[in-house]
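In: Build the 3D model from these lines:
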Amino acid sequence: MPPAFGNLLIRFNAGFLMLASAGGLATDIAGSFFERGAEATLLADAPGVGIGFLEAHGLALVIGLTIWRIAYSLNWHAFLAAVHALLGTANLLFWQFFIAADVLIVGYATTAAHWLFVVPHLAALAGATRLAVPSH
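Out: Have a look, this model is predicted:
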């Protein structure tokens, strides 16, 4: 993968993380502190659960902002593949949240996006490995 395309992939990924996590944080804050929105009913009986939502979306925002600002490196493909594999797996393991909050479309969109980011990052790494290994 040419560095220019790799950098574009990193930037696109960072933009997604920043936008999606900002939306998640807004939902977390509305549900946790103002009893509004999709999370309000889920948090009504267990308000302390909101800390996990805030932490996850907050960290995704920090990762997005950091990735946006850094110089391009192949190492970031491995890092971002791992980040999206973690976030996509968490969505699948806790799918009931999307059902209970009646936000299945958000679940489908974000989970698909996470796994769709894993693929090109792994492809970038595989391409770099092929280039690095001498052929005989």
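
In: okay, CA-based contacts and neighbour counts for the rest of this
Out: Fine.

In: need the helices for the chain, in chain order.
Out: 3-33, 40-43, 50-69, 75-93, 95-100, 104-132 (DSSP state H).

In: Reformat those as JSON lines; add mean pLDDT and mean neighbour count.
Out: Output for the helices of the chain, formatted as JSON lines (pLDDT from 0 to 100; neighbours: other C-alpha atoms under 10 Å):
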{"stretch": "helix 3-33", "mean pLDDT": "93", "mean neighbour count": "18"}
{"stretch": "helix 40-43", "mean pLDDT": "87", "mean neighbour count": "18"}
{"stretch": "helix 50-69", "mean pLDDT": "94", "mean neighbour count": "17"}
{"stretch": "helix 75-93", "mean pLDDT": "95", "mean neighbour count": "17"}
{"stretch": "helix 95-100", "mean pLDDT": "93", "mean neighbour count": "15"}
{"stretch": "helix 104-132", "mean pLDDT": "88", "mean neighbour count": "16"}
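
In: measure Gly88 to Val118 for me?
Out: Distance of Gly88 to Val118, given as C-alpha to C-alpha, to the nearest Å: 9 Å.

In: Check Val62 too.
Out: 19 Å.

In: Repeat that for Ala101.
Out: 26 Å.

In: any idea how far stretch 35-49 is from the chain center?
Out: Remark: stretch 35-49 is offset 22 Å from the chain centroid, using C-alpha atoms, centre = their mean, to the nearest Å.

In: ok, Gly88 - contacts?
Out: Thr110, Thr111, Ala112, His114, Trp115 (C-alpha atoms under 8 Å, 6 or more residues apart in numbering).

In: Distance to Leu17 added to those, as JSON lines?
Out: Below are those laid out as JSON lines (distance: C-alpha to C-alpha, whole Å):
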{"residue": "Thr110", "distance to Leu17": "10"}
{"residue": "Thr111", "distance to Leu17": "12"}
{"residue": "Ala112", "distance to Leu17": "13"}
{"residue": "His114", "distance to Leu17": "9"}
{"residue": "Trp115", "distance to Leu17": "13"}
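
In: No further queries at this time; thank you.
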